[in-house]
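*Asks:* With the sequence up front, the predicted model follows.
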Amino acid sequence: MKVDLQQVEEAAKELYIRALKLLPPDVKQGLDRLVAGESDAGAKRVLGTMLKNITVAEDTQTLLCQDTGIPIYNVRIGRGVEVDGHGLKEAIQRGCARSTREYSFRSSIVHPTTRVNEQNSSGRGVPIVHFEFSNEDKTLEMEMIPKGSGSENNSWLKMAIPAEGVDAIKTFVIDCVLEAGGKTCPPTIVGVGVGGTSDLCVHLAKQAATRALGSRCEDPEGAKLEEALTRAVNMLGVGPQGLGGDSTAFAVHVETAATHITMNPVAVNMQCHSARRARATFRPSGIEYGY
Amino acid sequence: MAHHELSAPLSDAQVRALRVNDTVTLHGTLYGIRDATQIHMFDRGRKTRFELSGHAVIHTAPNVKKVAKSAACPAGYEPSCIGTTTSDRMERFTLPLMTQYGVRLVIGKGGLRDESLNAFKELGGAYLAIIGGAAALETTWVEAIEDVDLDDLHPESLWKFRVRGFGPLVVAMDSHGGSLYAQVKSDSRGRRAKALASLGVKS
């Protein structure tokens, strides 16, 4: 399968605006589930407003949230795919900038020291583009995540030591959720990275935070942690928007990697209740849009 | 838990009547303000031509469309998506907003800290919580962008919005020392040991 870079550029452009307007069904179902289980009347009203917002965004074709985020594109290239790799990256960069200009939404990206905004959601190293390779035949997947800053500003890494064990990981997650309070726009997806190097650990936390609700860690040990931590963080009573209630997190997601004999790293990255993502899948039969 | 329909500018008495858990719906003028706006106003000596005394500010940087100036869009901007950002980053600006400009209400998400709570108590102010991330809904409460100042900081300009039925917002910090955030923080920290015990961790 030969990938047409013009189509990639168009898809990169479409994915950004789709992600900003349409919340994935798993997140909507997640909110429904939280409303049904919430015992605090005030928290129930807050969750109800979030659901109403989704309907208004769909009905009026408005962005779900004003934060257009940091644009992240995750590209998975399958077997038998012929593509100019550098050209692919440039096509995504062009599509991202065009989306901002043509749909006239807010560019949230500035130079880190001059704070100059080029008004095209782009700059050095942004959009962030990750490439990986999959075993799927003649398939290229492109996932777009506008990562909001309220949740991103609450990111942590702890280089714990082996003697502190798994307890250090569990304690760290609980303390991060307490520290975040309402700043992350809860209910959140709490992404936890366990193991690896410092940078891989933080990357795993981001992957965990941006995974679809209902998905599970492929590592059975990580999956066990997910279940226990999801129950535990929802005992804290932080609640939607940090105003109190049962619904602090949709879920805790964990991703793991092997680490060094002397290391025990843990990272936390959160995704807000507007857990936006959009996906385009390129196959020989054409392009399919989804979540 | 009373409900208040308010239009700024507000008096000291109107603001001091607000109590935590009350609800407020705003009508009329609302100013939009953000990190860069306040960094320039308070750290770099920039001044605004707007009269903020007695007014409400919201922590925002909106999505707008540039259009020709008209009666409906007097500033040449049409609102496309107006939402609210996390207030905590702007904690240190509450006091100068109130002392230098006479601002009475701050609207945001996630809450402010003790210094702001003290400022609300001393100077007669309150913090109103909006639902963060519910920007599509919030946009329907904004009638127009009436004016804009410091627009070289776009989108972190100082925005003058005309709003109608903006709310209900929850009074989350009041002028009597009440703060829902401090209360929830204290409650949730009190539950830490139980949460850790459920994970088999001794604390």
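*Replies:* Sure thing, it's come through.
*Asks:* ok, B:Val15 - how many residues close by?
*Replies:* Residues near B:Val15, counting by other Cβ atoms under 10 Å in any protein chain shown, number 23. Just so you know, the C-beta spots here come from the backbone N, C-alpha and C atoms, and that holds for glycine as well.
*Asks:* ok now the helix or strand where it lies, how far from the chain's centre?
*Replies:* Element membership for B:Val15 (DSSP states H and E) is helix B:12-16. Mean-position distance between helix B:12-16 and its chain equals 17 Å (Cα atoms, centre = their mean, to the nearest Å).
*Asks:* For that helix, which residues meet the burial criterion?
*Replies:* By neighbour count on 16 or more other Cβ atoms under 10 Å in any protein chain shown, the buried set for helix B:12-16 is B:14-16.
*Asks:* now for the top strand by length along chain B, which elements pack on it?
*Replies:* Longest strand in chain B, counting residues (DSSP state E): strand B:158-173. For strand B:158-173, the elements it packs on are strand B:23-33, helix B:114-123, strand B:126-129, strand B:142-149, helix B:180-190, judged by 3 or more Cβ pairs under 8 Å, 6 or more residues apart in numbering or on different chains; DSSP states H and E.
*Asks:* Would you mind confirming that A:Ala258 is in contact with A:Thr197?
*Replies:* No - using Cβ atoms under 8 Å, A:Ala258 makes no contact with A:Thr197, being 10.4 Å away.
*Asks:* Between those two, tell me which one has more neighbours.
*Replies:* Relative neighbour count places A:Thr197 above the other of A:Ala258 and A:Thr197, with 14 against 8, counting by other Cβ under 10 Å.
*Asks:* got the contact list for that one?
*Replies:* A:259, A:265 (Cβ atoms under 8 Å, 6 or more residues apart in numbering or on different chains).
*Asks:* how close does it get to chain B?
*Replies:* Distance, A:Thr197 to chain B, using Cβ to the nearest Cβ, to the nearest Å: 25 Å.
*Asks:* and residue 80, what does it touch?
*Replies:* I went with chain A, as the question did not name one. Here A:Gly80 is in contact with A:1, A:137-138 (Cβ under 8 Å, 6+ apart).
*Asks:* not what I meant, chain B
*Replies:* Contacts for B:Ser80 (Cβ under 8 Å, 6+ apart) come out as A:62-63, A:104-105, B:62-65, B:139.
*Asks:* If we use 7 Å, what do you get?
*Replies:* Contact analysis of B:Ser80 by Cβ atoms under 7 Å, 6 or more residues apart in numbering or on different chains lists A:104, B:63-65.
*Asks:* quick one: which of the contacts of A:Gly80 has the most company?
*Replies:* A:Met1 (16 neighbours).
*Asks:* Need the pLDDT of the residue lying closest to it once chain neighbours are set aside.
*Replies:* Sequence neighbours aside, A:Lys138 is the residue nearest to A:Met1 in space, at 4.2 Å (criterion: Cβ to Cβ, 6 or more residues apart in numbering or on different chains). The score at A:Lys138 is 98. That number is its pLDDT.
*Asks:* thinking again about what came up before, narrow the contacts of A:Gly80 to those in strands?
*Replies:* In strands, judged by DSSP E, the following of the contacts of A:Gly80 are found: A:Asp137.
*Asks:* Which residue does chain A have closest to chain B?
*Replies:* Nearest residue of chain A to chain B: A:Gln66, at 3.1 Å (Cβ to the nearest Cβ).
*Asks:* Give me the mean pLDDT for stretch A:217-236.
*Replies:* Averaged over stretch A:217-236, pLDDT sits at 98.
*Asks:* what does stretch B:3-17 give?
*Replies:* Throughout stretch B:3-17, pLDDT has a mean value of 98.
*Asks:* how about it as CSV, C-alpha atoms only?
*Replies:* Taking C-alpha atoms only, stretch B:3-17 is exported to CSV below (Å, rounded to 0.1, in the frame of the first residue of the first chain):
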residue,chain,number,x,y,z
HIS,B,3,-29.3,32.3,44.2
HIS,B,4,-28.1,35.7,43.0
GLU,B,5,-28.7,37.4,39.6
LEU,B,6,-26.0,40.0,39.3
SER,B,7,-24.8,42.7,36.9
ALA,B,8,-21.5,44.4,37.5
PRO,B,9,-20.3,46.8,38.7
LEU,B,10,-21.0,45.4,42.1
SER,B,11,-21.0,47.0,45.6
ASP,B,12,-19.2,45.7,48.6
ALA,B,13,-22.5,44.7,50.1
GLN,B,14,-23.6,42.7,47.1
VAL,B,15,-20.3,40.7,47.1
ARG,B,16,-20.3,40.2,50.9
ALA,B,17,-23.8,38.7,50.6
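*Asks:* Just the closest residue of chain B to chain A, please.
*Replies:* B:Gly83 (3.1 Å).
*Asks:* mind listing what that residue touches?
*Replies:* B:Gly83 makes contact with A:65-67, B:60, B:135, B:138 under the criterion Cβ under 7 Å, 6+ apart.
*Asks:* for the residues you listed, which one is nearest A:Ala267?
*Replies:* Among the contacts of B:Gly83, A:Asp67 lies closest to A:Ala267 (Cβ to Cβ), at 22.0 Å.
*Asks:* Tell me which residues touch that closest one, please.
*Replies:* A:108, A:148-150, B:83, B:85.
*Asks:* if we go to 10 Å?
*Replies:* Listed by Cβ atoms under 10 Å, 6 or more residues apart in numbering or on different chains, the contact partners of A:Asp67 are A:20, A:106, A:108, A:146-152, A:185, A:272, A:274, A:276, B:61, B:63, B:81, B:83-86, B:132-133, B:135.
*Asks:* Throw together a ChimeraX command that grabs the buried residues out of those residues.
*Replies:* Buried residues within those, by 16+ other Cβ under 10 Å, are selected in ChimeraX with:
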select /A:20,106,108,146,147,148,149,150,151,152,185,272,274,276 /B:61,63,81,83,84,85,86,132,133,135
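*Asks:* The contacts of A:Asp67 in helices, which ones?
*Replies:* Among the contacts of A:Asp67, the residues falling in helices (DSSP state H) are A:20, A:149-152, B:135.
*Asks:* So the residue nearest to A:Met1 sits against A:Phe282, correct?
*Replies:* Yes - using Cβ atoms under 10 Å, A:Lys138 is in contact with A:Phe282, at 8.8 Å.
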